[in-house]
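**Q** sequence and predicted structure below; questions after.
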Amino acid sequence: MPIITVREAIRQAMDEEMARDDRVCLIGEEVAEYNGAYKVSQGLWDKYGSRRVVDTPIAEEGFAGLGVGAAMTGLRPIVEFMTFNFALMAIDQVINNAAKMLYMSGGQIPVPIVFRGPNGPAEYLAAQHSQALQSFFAHVPGLKVAAPSTPYDAKGLLKSAIRDDNPVIFLEAELMYAWTGEVPDGEYLVPLGQGVVRRPGHDVTVVSFSKPMRVALEAADALAAEGIDAEVVDLRSLRPLDDAVVCESVRRTHRCVVVDEAWPVASVGSHLAWLVSRNCFDDLDAPVECVASEDVPMPYNHRLELAVQPSVEKIVRAVKRVMYRES
Amino acid sequence: MAKNADLKAYGRELTAKLLRDMVLMRRFEEKAGQMYGLRKIGGFCHLYIGQEAVATGAVAALDLARDYVITAYRDHGHALACGMDPGALMAELYGKATGCSKGKGGSMHLFDAPRHFLGGHGIVGGQIPLAAGVAFKIRYRDEGGVVLCFFGDGAIHQGAFHESLNMAKIWKLPVIFICENNQYGMGTDFRRVSAVHDLHAMGCAYGIEGRLVDGMDVLAVYDAVREAAERARADGEPAFLEARTYRYRGHSMSDPAKYRTKEELQAYKEQDPILILKARLEQAGWLEPAAYEALDAECKAVSEAAAAFADQSPEPPLSDLYNDVLV
């Protein structure tokens, strides 16, 4: 099976869906002639031209809203945010228009649109360019939110997102673009709203999504060396949230650590911890632990910025706490 | 300008329609205001009384088979101008299941997808990028339509307005931006908060010629929009019109309107859009007093029937709560 990067997987998904459906177009800053700030859209402008791959002014609210208006009347736009930090300029269009249109029109006007781009901390980018903003979008009914961690899921989920009749927030990560993995040549979809057990185990359930999945899997390896067998669950989608796959796992392991690189207050991680605590109360042998970002803006200094984020050490410590093996 | 224009250029059929539309809007909203007082309608209810010539003249210049209309929250008049059923509108104001948005939108969120009336939007200026997106779709599919985008003087300082004009110009999007300058953004005289008092001058920053239109004169509005629509269809050139108008009532129902004088209000009432057209039709011998009385009685009866329909309609069932969140 071919091995490709997350970047190539996302590009393949867009390319295939644009070839399949003329209503699909790509709109955003530097997506066309510059081939994308992170080269995700490389070659698409050459192939599809300026009608379907559109460079925009730096006006996030404007072009996000333009995408919503086009989606309201029959197109299926993919709106790329250069990063989700800049999507905050457009959050009115996402929350007040895209997410609400179907409901407040009594079901008359669906908004089939994908907002995608890198989310979460990168490196040396400081407070305004290195934020994990998934909680903002996962909070809102009327949106779907996907956050893959592998090239296979990135491609399959994005194709599902583009074909979905609802607005979908598709969260990538700058540091994930070069990650590689197996992706089959043929057509496939990964459904939105389904988590997956990434690594089976029986002592503890570690749940994460997007870029921190790699940290969670490394932590599982480190724990294995100490004789602790961690099961690792990849949520893949944050809304709808597949709490069933998590709870099924926790009912077997009786312990749970949630890893979310967002801030700890009112996050996907804190919500999931509550769900597990409520739904698996009788099965749990320890309180659910959360490993989150430290509750501070992202500092520039590399040592400090690494200390802010979930790490193998933090996850290992959390697992040992729920196993009462903290030294 | 239209005030001295020969009525024959418009014809009896069109002028009769314009008069009826305006009278129906007036009577419908008077009924809505009355029902609000009886607490049949709750929340916000922004009446359009005084501004009827703008929606009436503008929408009459369109072909809604291929053109679209979108507006802000003072939307009853635009909905009626698009030919929506008064019963379904009043039922929506009442929050009933038979309302155009199934009781989930209310006064601010009227929609009629088949009639190309795209709402009804509550965030000041938030609908302006949507209009650009609808025009993007029209151009993408080479459909030859135009989008009529209404907003108030309060919206003109939002970034969404400026971003949308810029995009419309660079991409040749067929949007007619109509600023309904009723001169008060809620309780604030627009001259207190706008660096430029001739709002139509703002178009020049984006290479769009702005025009001032007498928003109390339905024929002047009709002419300006028809001309703008022709240009937009032919060249894809956006247009920007400032329709100077006046709302007789407060911003919403709870506003005593102490920020303006009785004399100012009275002066505008003397150039009431309905009275102007009525007088001209009478002068031309196209309207007998008895015929006007009959028209007025009919519009009152339609509004009465709309209120009765709303009154008798069922509440939405609680089981509808989770419908239309997603497709």
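**A** Yep, it's here.

**Q** tell me which residues of the helix or strand containing B:Ala301 are tucked away?
**A** Take DSSP states H and E as the rule and B:Ala301 turns out to sit in helix B:289-312. By neighbour count on 16 or more other C-beta atoms under 10 Å in any protein chain shown, the buried set for helix B:289-312 is B:Tyr292, B:Leu295, B:Asp296, B:Cys299, B:Lys300, B:Val302, B:Ser303, B:Ala306, B:Ala307, B:Phe309, B:Ala310. All C-beta spots, glycine's among them, are computed from the backbone N, C-alpha and C.

**Q** ok, B:Ser252 - how many residues close by?
**A** 17 (other C-beta atoms under 10 Å in any protein chain shown).

**Q** returning to that earlier point: the helix holding B:Ala301 vs chain A: in contact?
**A** No. Taking C-beta under 8 Å from any C-beta of the partner chain as the criterion, helix B:289-312 and chain A are apart, separated by no less than 14.9 Å.

**Q** contacts for that helix?
**A** For helix B:289-312, contacts defined as C-beta atoms under 8 Å, 6 or more residues apart in numbering or on different chains pick out B:19-20, B:23-24, B:26-28, B:30-31, B:35, B:40, B:86-87, B:89-91, B:93-94, B:96, B:98-99, B:278, B:282.

**Q** in ChimeraX, select just the buried ones from the residues you listed.
**A** Filtering the contacts of helix B:289-312 down to the buried ones (16+ other C-beta under 10 Å) takes a single ChimeraX command:
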select /B:19,20,23,24,26,27,28,30,31,35,40,86,87,89,90,91,93,94,96,98,99,278
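
**Q** and the contacts of helix B:289-312 near chain A, which?
**A** Residues of the contacts of helix B:289-312 in contact with chain A (C-beta under 8 Å from any C-beta): B:Gly99.

**Q** tell me the residues on the stretch 151-300 of chain A that lie near chain B, please.
**A** A:Asp164, A:Asp165, A:Asn166.

**Q** how about 10 Å then?
**A** Within the stretch 151-300 of chain A, the residues that sit near chain B (C-beta under 10 Å from any C-beta of the partner chain) are A:Asp164, A:Asp165, A:Asn166, A:Pro167, A:Arg239, A:Pro240.

**Q** residue ranges for the strands of chain B, please.
**A** B:68-71, B:117-120, B:147-152, B:175-181, B:184-185, B:188-189, B:210-214, B:239-244 (DSSP state E).

**Q** what's the answer for chain A, then?
**A** Here chain A has its strands, by DSSP E, at A:3-5, A:24-28, A:53-55, A:76-80, A:114-118, A:144-146, A:168-172, A:180-182, A:196-199, A:204-208, A:230-234, A:237-239, A:256-259, A:289-291.

**Q** what about A:Leu304, how many residues close to it?
**A** As a burial measure, A:Leu304 scores 12 neighbours (other C-beta under 10 Å).

**Q** which residues of chain B score low on pLDDT?
**A** Filtered on pLDDT under 70, chain B yields the residue ranges B:1-5.

**Q** in it, where's the longest helix?
**A** Determined from DSSP state H, the single longest helix within chain B is helix B:11-37.

**Q** thinking again about what came up before, looking at the strands of chain B, spot the one closest to A:Pro200.
**A** With C-beta to C-beta as the criterion, A:Pro200 lies closest to strand B:117-120 of these, at 49.4 Å.

**Q** that closest one close to chain A?
**A** Yes. Interface with chain A: strand B:117-120 contributes B:Phe117, B:Leu118, B:Gly119, B:Gly120 (C-beta under 10 Å from any C-beta).

**Q** which residues does residue 282 contact?
**A** Picking chain A for this. Applying C-beta atoms under 10 Å, 6 or more residues apart in numbering or on different chains to A:Asp282 gives the contacts A:Arg251, A:His254.

**Q** hmm, no, I was thinking of chain B.
**A** By C-beta under 10 Å, 6+ apart, the residues touching B:Glu282 are B:Glu288, B:Pro289, B:Ala291, B:Tyr292.

**Q** mind redoing it with 8 Å?
**A** B:Glu288, B:Pro289, B:Tyr292.

**Q** select only the buried ones of the residues of the stretch 151-300 of chain A next to chain B in PyMOL?
**A** Typed into PyMOL, the next command selects the buried ones out of these (criterion: 16+ other C-beta under 10 Å):
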select buried, chain A and resi 164+166+167+239
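
**Q** between the residues of the stretch 151-300 of chain A next to chain B, which is nearest B:Ala224?
**A** Using C-beta to C-beta, A:Pro167 is the member of these that sits closest to B:Ala224, with 35.4 Å.

**Q** these two touch, right, A:Ala71 and A:Pro112?
**A** Yes. Here A:Ala71 reaches A:Pro112: they are 5.3 Å apart, a contact under C-beta atoms under 8 Å.

**Q** just to revisit the earlier point, redo the strands of chain B as JSON lines? Include distance to A:Thr205 and mean neighbour count.
**A** JSON lines is the format used below for the strands of chain B (distance: least, C-beta to C-beta, whole Å; neighbours: other C-beta atoms under 10 Å in any protein chain shown):
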{"stretch": "strand B:68-71", "distance to A:Thr205": "48", "mean neighbour count": "28"}
{"stretch": "strand B:117-120", "distance to A:Thr205": "45", "mean neighbour count": "28"}
{"stretch": "strand B:147-152", "distance to A:Thr205": "51", "mean neighbour count": "29"}
{"stretch": "strand B:175-181", "distance to A:Thr205": "52", "mean neighbour count": "29"}
{"stretch": "strand B:184-185", "distance to A:Thr205": "54", "mean neighbour count": "20"}
{"stretch": "strand B:188-189", "distance to A:Thr205": "56", "mean neighbour count": "14"}
{"stretch": "strand B:210-214", "distance to A:Thr205": "62", "mean neighbour count": "20"}
{"stretch": "strand B:239-244", "distance to A:Thr205": "58", "mean neighbour count": "25"}
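
**Q** would you reformat those strands as TSV and include distance to A:Gly117?
**A** Compiled in TSV, the strands of chain B are given as follows (distance: least, C-beta to C-beta, whole Å):
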stretch	distance to A:Gly117
strand B:68-71	27
strand B:117-120	27
strand B:147-152	27
strand B:175-181	26
strand B:184-185	34
strand B:188-189	37
strand B:210-214	35
strand B:239-244	32
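
**Q** out of those, nearest to A:Gln134?
**A** strand B:117-120 (28.6 Å).

**Q** contact partners of that closest one?
**A** For strand B:117-120, contacts defined as C-beta under 8 Å, 6+ apart pick out A:69, A:72-73, A:101, A:104-105, A:109, B:68-71, B:73, B:75, B:78-79, B:82, B:84, B:101, B:105, B:108-111, B:127, B:130, B:134.

**Q** which residues touch the residue of the stretch 151-300 of chain A found nearest chain B?
**A** Nearest residue of the stretch 151-300 of chain A to chain B (C-beta to the nearest C-beta) works out as A:Asp165 at 3.9 Å. For A:Asp165, the contacting residues are A:Pro110, A:Pro112, B:Val327, by C-beta under 8 Å, 6+ apart.
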